[in-house]
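Colleague: Quick one, fold the following:
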Amino acid sequence: MLKKFALTFLVCLSSYTYSQQILSVREQAEVIDSILEDRLNNLLPHLMDETDIDMWVLISREYNEDPVLKTMLPANWLHARRRTILVFYRDKALNRIDKLAVARYAVGKSIQSAWDKEQQPDQWKRLIELIKERNPSKIALNYSKDFNICDGLDKTDYQEFMGNLPKKYKNRVISSQPLAVRWIETRTPSEMKLYSQLVEITHSIIEEAFSSKQITVGVTTTSDLEWFLRQKVVDLGLDTWFHPTVDIQRSEEKLVSHLYSFSGRPDDEVIQPGDLLHCDFGITYLRLNTDIQELAYVLRPGEVSAPDYLVEALKKGNQLQDILTSNFKVGALGNDILKASLTQAKEKGLKPSIYTHPLGLYGHSSGTTIGMWDAQNGITTEDGTAYPMRSETVYSIELNTTVEIPQWKRTIRVMLEENGYFGKEGFRYINGRQKELLLVGANSSHISN
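Modeller: Numbering: from 1, shown residues only. So this is what the prediction gives:
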């Protein structure tokens, strides 16, 4: 199915050309379901073996979906139905995986209904029958102290499950955290073919926003651009998982708190010549997410390029990116990657801050978190460490470095965020990264590897 949509098309909206076709809703559903079947049939058995979990039980009710279960619903299921219970049982010896729904309906093509209400009116009793028939050594449920996405089992369903579970099985109940995180963070080859398209589309939208097509200097405001980005997403038939932000750094103002870019800045700041613009923007498409921050310079009259001091400042941001990604290693803890990267950056004279996060089925996803903007000494989890890095994972390389600009008599913050893939061959940016400032008032190419 994916091969059908691998061709490149041209789509023209608002007089701007995108090199990737946005699929119709029906075509998107076909791609989503194809990827889901691949994940359930090929990825899930491997992950269950890797985490040594032979039974995984996911329970949700309509409109109160477990975030993990939600990623397993077919495209034409916008929500769970009534109470939806999924059971995955892995028999490694027989190389078999049972994918069952204790529900009135099959859930997609791979998860078959295993409950006939006329024969067994009680849904919980039917679930217990399935457990007894398979006699698993472990029964994993979605509760987790460290990962919110993996903590989707609500109190009522937990109590109902444990109240119906026979005593002999109660000591087999464990947290599904290792398996749930691996399911959420792992990207398949099919997904990565799509991810390049997602990031390219995101780059293209930002390039249009930070151009004379959308900016009339002295008139257009930061809010105007934010709402353009939101509207563009809708016009293209996409979605987003957060409201975009656009902010300005300029010569006559002092550097403010990091929070300024996200909260507390003026709503309608007019864009002027000489401004350094910054945006934070991402899209949701085919159940995957992007998260990108880029910079643009507004040319002054007579200028054809950005000032050298801003060009050099951006290079320092790229240098920090290189330092961080050079420390990506399978099994490395997020806190250790953070500490090593900050130390190396400071030794090279940079003033860094790193807050890189997993990306994929969710924007701020589960997996290896490398710092937070307000936790530069590392994050604390239940066992006192940070989650170890795995391959076949995607990250938002989010960070900044503070740079002194004598010409402006102030410091600026070079805030960058690009999406990258960490696989068996190491790290790579999914669709390049910003290495040149976008120029408002001139044509520019800013994305390179």
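
Colleague: Dihedrals phi and psi, residue 176?
Modeller: Here is the backbone geometry of residue 176 (degrees, to the nearest 10): phi -80, psi 10.

Colleague: got a list of what the residue nearest the centre of the chain touches?
Modeller: When CA atoms, centre = their mean is applied to the chain, the residue found nearest the centroid is residue 359 (2.5 Å). Applying CB atoms under 8 Å, 6 or more residues apart in numbering, we find residue 359 in contact with 289, 290, 291, 365, 394, 395, 396, 419. Yep, even glycine has a C-beta here, placed from its N, CA and C like the rest.

Colleague: likewise residue 104?
Modeller: Taking CB under 8 Å, 6+ apart as the test, what residue 104 contacts is 81, 82, 113, 115, 117.

Colleague: What's the biggest helix in the protein, counting residues?
Modeller: helix 189-209 (DSSP state H).

Colleague: so what does that helix touch, helix or strand wise?
Modeller: strand 16-18, helix 25-38, helix 222-235, strand 276-281, strand 288-289, strand 292-298, strand 410-423 (3 or more CB pairs under 8 Å, 6 or more residues apart in numbering; DSSP states H and E).

Colleague: could I get the ones you listed as a markdown table with mean neighbour count and distance to residue 249?
Modeller: A markdown table is the format used below for the helices and strands packed on helix 189-209 (neighbours: other CB atoms under 10 Å; distance: least, CB to CB, whole Å):
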| stretch | mean neighbour count | distance to residue 249 |
| --- | --- | --- |
| strand 16-18 | 14 | 26 |
| helix 25-38 | 16 | 38 |
| helix 222-235 | 18 | 12 |
| strand 276-281 | 24 | 4 |
| strand 288-289 | 25 | 27 |
| strand 292-298 | 25 | 9 |
| strand 410-423 | 21 | 5 |
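
Colleague: Export the ones you listed as TSV, with columns for mean pLDDT and distance to residue 378.
Modeller: Shown next, in TSV, are the helices and strands packed on helix 189-209 (pLDDT from 0 to 100; distance: least, CB to CB, whole Å):
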stretch	mean pLDDT	distance to residue 378
strand 16-18	55	40
helix 25-38	94	34
helix 222-235	97	32
strand 276-281	98	23
strand 288-289	97	25
strand 292-298	98	22
strand 410-423	97	19
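
Colleague: Those into JSON lines, with extra columns for distance to residue 336?
Modeller: As requested, these are arranged in JSON lines below (distance: least, CB to CB, whole Å):
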{"stretch": "strand 16-18", "distance to residue 336": "40"}
{"stretch": "helix 25-38", "distance to residue 336": "33"}
{"stretch": "helix 222-235", "distance to residue 336": "36"}
{"stretch": "strand 276-281", "distance to residue 336": "27"}
{"stretch": "strand 288-289", "distance to residue 336": "26"}
{"stretch": "strand 292-298", "distance to residue 336": "25"}
{"stretch": "strand 410-423", "distance to residue 336": "15"}
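
Colleague: right, and the secondary structure at the residue nearest to residue 72 when sequence neighbours are not counted would be what?
Modeller: Residue nearest to residue 72 in three dimensions, not counting chain neighbours: residue 86, with 6.5 Å by CB to CB, 6 or more residues apart in numbering. Three-state call for residue 86 (DSSP: H, G, I helix; E, B strand; the rest coil): strand.
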